[in-house]
Each structure stands twice: as structure tokens, then as C-alpha cells.
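# I'd like to go over a predicted model; first the sequence, then the structure.
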Amino acid sequence: MMDKALVKRYFFITIIITGAYLLCPFTAKAQTEFKGLENLFTTPLNYVVYHTNTAPVIDGDINDNAWKQAAWTVAFGDIEGDSKPKPTYSTKVKMLWDDSCLYIAAQVQEPNVWAYQAHHDDIVFHDNDFELFIDPYNTTHQYYEIEVNALNTIFDLFLNKPYRDEGRPMINWNADGLRSAVKVQGTLNDPSDTDLGWTVEMAIPFKALYLGDHLRIPQDGTMWRINFSRVEWDTDITDGKYVKQTRPDGYHKPEHNWVWSPQGVIDMHFPERWGYLLFSTNSTGNTNFTMPYNEDQRRYLWLIYYREKMYFSEHQTYALTLQQFGLGDKIMVDGKPNQLVLEATPHQFMALITDEADHITYTINQEGLVQQLRSRNQ
């Protein structure tokens, strides 16, 4: 049975989305298509990861020569975005890849380094932790989560789909071949001094990120979705140990969630909100990220998905027409004409967007699965 804290932390925030619906009814004349959902349509960040011929040594020390060729991400911000206060402490990441692994280095500033979860697949976010999320297919389904604390305890899991869509985590999944190491700049679990923080290194084999599929090693130009999160708890010191602060009702105060690419909601399990990871074999610094056209098309699929979920939350049935959302069947995406179609019953739906020039179609269904529609000739 899944840990109750895990359920609580990742429960789909229906209340927030329902609230947006109640405050912002679908009146096309009074508002734009995305009105009321702007937090879910900010542009995710991107990172170009460069191929290396020299793999970093996974020992927790991120100062070796291999890492000097990789750039740091921007410092993490609040999970909800720039409207919230900036994190108290800095967190940043850099990445490399070779023909076998994705390499990740993280620098976590922390004056009080502590960790007590010591066994593999303990619920690591009960401690301060560092987390990463990977969707190699960019479908929001079949994705991976790996968490680590300052003891280098790993909690790794596979999700068939997000919790909001009744996804079920496979906690007994292990990232086979994963190598990780942590180095503390200070002393672990010692409240008597002030630390600088801790650093993490990981080598994640590509073969660990495919379940029963033909192994696909990234190539130049391959794009994944990825994000990183840091959980930070407010603590007191009791009997020489760090103890999480509680509210007057006895429950722990909510954790701080600091992330690389803002989610817009307090939930990491919106994979469509993760950042873009572009693999490059060029010389370091010589590749620019350009947003793919089909990502701009998908924005309209996600708009319909969110609107349908909001509608269902109030009416216990899905809307049957685009017009109920103030949308027409003809839209322009990056100056190109596209056709929108909604196929719906009270209990399920599929939305389709098709470029009228190349006739390529992308779809989304009530479970948030995004796919390219294949013709019989493909």
C-alpha cells in the first residue's frame, strides 16, 4: 500500500483547478482562450546537454574536469513561479551525456545538512532531498522519478501516468545500474555547526529508462522532458536532532518546494510543465534551443484537457463541444492554420489538432496521454 504521505503530497489539486473554473467561467467575449489558466501556460525552461567523451567520476565531487564543460542551470525558484518568494538557499544543476548514461550534478546550499531516511525506497522526501523527473517520450505517461537525500539514500519509482489521472506508482521499480554519490560540505546531522551544503552526482543508464521497449539511445537533437525539485523542511533542534516544525494542530508545517522549471502548481506530477532537455553532439555552447512547432500545437490540447477536467469537476460529465469553452475549430499556431476537433462522451474525450498544411495530427485524451496520430500508411 502506498505511503499516506505520498498520497497526500501528490494528490491532484482538483480544488485549485475547480476554483479557477468557478472564478473564470467560459465567456469567450470577456476573456482570452487561456484566461484563468495562465499559471499552467508559462514557457518551461530548457537546457542543452552536451555529449562528453570523458565521463565524470561519480564520487560526489563536482569539481573534476569533466564537469567544467557543462553549464549550470539557473538557480531554482518556487514551484509556483515568480509570484512567490525566492528560495532561501541556492540550488542548481548541470548535465552531460555519453552513449550509455545521462550524468547529473547538483549543488545544494544548506546551512544545516541532515538526513535520517537510510534504506532504499524509504520515502526520502520526509527528509530534505533532491529530486529529478524524466519523461523520455514527452507523452506525460511512463515516466520516472528519482529522489536522494544527504545520506545518498535513493527512492526511485516509475509511474504509468500522473496521480491526477489515477496513476499508480511502481515503487518496486529500480533504476538498474544507477550510480550516485553525495559529498557534504560540512557535517551531517550535527546541529552544533553551520554547513555549506551538499553536492550530488548521478549516472543514470539509458537502459534503465525503458520498460520492455527497444532501447533508444538519445541522438543529436533528441528532446526529453525533465525537471528537478528540492524539498526543504523548516526544523527545530530537539535533543541534538533536527525535528520538523509543526503547526498548532500538530501536523508538520508544509515543506518548501523549490524547482528548476516552475510548475505553476504545487505538484511535480504535471509532466507537461517540466523543462525541455535537448541532447547535442556539437561542441559545448554551440547549440541553441528552439521551441518545436508541435509544442505550440500541444498547448491547445492541454487547454482543452484542463477545461474538460474543470468542467467535469462541476458537472460530473465532460463537455461535448469546443464552443462550450469559447473555442472554434479553426486556430492559428505560429501563423499556420490548424484544425481543432473534440470527440467526447459524458465519460471520456479525445481532442485533436491538425496542421492543415502537413496534415500531422496530435491528440490528447481524458488521461492526459499526448500522442501523434499515426495513419495506416505510417
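Yes, it's here.

# quick one, strands of the stretch 151-300 of the chain?
154-159, 169-170, 179-185, 197-205, 223-232, 235-238, 241-244, 256-259, 275-280 (DSSP state E, counting those that start in this stretch).

# roughly how far out does the third one sit from the chain middle?
In terms of CA atoms, centre = their mean, to the nearest Å, the centre of strand 179-185 is found 23 Å from the chain centre.

# same thing with the second one?
Shown here is strand 169-170, whose average C-alpha point lies 16 Å from the average C-alpha point of the whole chain (CA atoms, centre = their mean).

# so what strands line up beside that strand?
Strand 169-170 pairs in its sheet with strand 154-159 (antiparallel), by DSSP bridges.

# possible to save the strands of the stretch 151-300 of the chain as a markdown table with distance to Trp302, mean neighbour count and mean pLDDT?
In this view, the C-beta of every residue, glycine as well, is placed from N, C-alpha and C. Converted to a markdown table, the strands of the stretch 151-300 of the chain look like this (distance: least, CB to CB, whole Å; neighbours: other CB atoms under 10 Å; pLDDT from 0 to 100):
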| stretch | distance to Trp302 | mean neighbour count | mean pLDDT |
| --- | --- | --- | --- |
| strand 154-159 | 18 | 21 | 98 |
| strand 169-170 | 23 | 16 | 96 |
| strand 179-185 | 33 | 18 | 98 |
| strand 197-205 | 27 | 22 | 98 |
| strand 223-232 | 13 | 22 | 98 |
| strand 235-238 | 37 | 12 | 96 |
| strand 241-244 | 35 | 15 | 96 |
| strand 256-259 | 19 | 22 | 98 |
| strand 275-280 | 15 | 21 | 98 |
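
# which of the ones you listed sits closest to Gln339?
Across the strands of the stretch 151-300 of the chain, Gln339 has its closest neighbour in strand 223-232 (25.0 Å, CB to CB).

# quick one: list the elements packing against that closest one.
The helices and strands touching strand 223-232, judged by 3 or more CB pairs under 8 Å, 6 or more residues apart in numbering; DSSP states H and E, are strand 91-97, strand 129-135, strand 256-259, strand 275-280.

# immediately after the second one, which helix or strand?
What it means is strand 129-135. Downstream of strand 129-135, the first helix or strand assigned by DSSP states H and E is strand 143-148.

# list the buried residues in that next one.
Going by neighbour count (16 or more other CB atoms under 10 Å), the buried part of strand 143-148 is 143-148.

# name all residues that make contact with the nearest residue to Thr345 once chain neighbours are set aside.
In this structure, Thr345 finds its nearest non-sequential neighbour in Tyr318, 7.1 Å apart by CB to CB, 6 or more residues apart in numbering. With contact taken as CB atoms under 8 Å, 6 or more residues apart in numbering, Tyr318 is in contact with 308, 311-312, 344-349, 366.

# check which helix or strand Tyr318 maps to.
Per DSSP H and E, there is no helix or strand for Tyr318.

# and the helices and strands packed on strand 223-232 as JSON lines, adding distance to Arg299?
Output for those, formatted as JSON lines (distance: least, CB to CB, whole Å):
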{"stretch": "strand 91-97", "distance to Arg299": "26"}
{"stretch": "strand 129-135", "distance to Arg299": "17"}
{"stretch": "strand 256-259", "distance to Arg299": "20"}
{"stretch": "strand 275-280", "distance to Arg299": "14"}
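
# looking at these, which is closest to Asp82?
Per CB to CB, nearest to Asp82 of the helices and strands packed on strand 223-232: strand 256-259, 12.0 Å.

# name the residues that touch the closest one?
Under CB under 8 Å, 6+ apart, the answer for strand 256-259 is 76-79, 87-88, 91, 227-234, 266, 268.

# the stretch 1-150 of the chain: strands as residue ranges?
Going by DSSP E, counting those that start in this stretch, the stretch 1-150 of the chain shows strands at 46-51, 77-78, 91-97, 101-109, 129-135, 143-148.

# just checking: what are the partner strands of the last one?
The partner list of strand 143-148 in its sheet, established with DSSP bridges, is strand 129-135 (antiparallel), strand 154-159 (antiparallel).

# okay, the angle between the shortest one and strand 179-185?
Interaxial angle of strand 154-159 relative to strand 179-185 (axes from the mean of the first three to the mean of the last three CA atoms, to 10 degrees): 130 degrees.

# output strand 154-159 as CSV, nothing but the C-alphas.
The C-alpha trace of strand 154-159 is given here as CSV (Å, rounded to 0.1, in the frame of the first residue of the first chain):
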residue,chain,number,x,y,z
ILE,A,154,17.7,6.5,-3.2
PHE,A,155,13.9,6.4,-3.7
ASP,A,156,13.2,5.6,-7.3
LEU,A,157,9.8,4.9,-8.9
PHE,A,158,8.0,4.5,-12.2
LEU,A,159,4.6,6.0,-13.0
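
# which other residues reach that strand?
117, 120-125, 142-148, 167-171, 173-175, 178, 180, 211, 269.

# at 6 Å what do you get?
120-121, 124, 143-148, 167, 169-171, 173-175 (CB atoms under 6 Å, 6 or more residues apart in numbering).

# cool, stretch 95-113 as well?
Residues contacting stretch 95-113 (CB under 6 Å, 6+ apart): 49, 51-52, 55-56, 62, 67, 70, 89-94, 130, 150, 184, 186, 188, 194-195, 197-205.

# likewise for stretch 36-51?
20, 24, 34, 95, 97, 261, 264, 275-281, 284, 287, 289, 306.

# go with 7 Å
Stretch 36-51 is contacted by residues 20, 23-24, 34, 69-70, 73, 81, 95-98, 260-262, 264-265, 273-281, 284, 287, 289, 299, 306 when judged by CB atoms under 7 Å, 6 or more residues apart in numbering.
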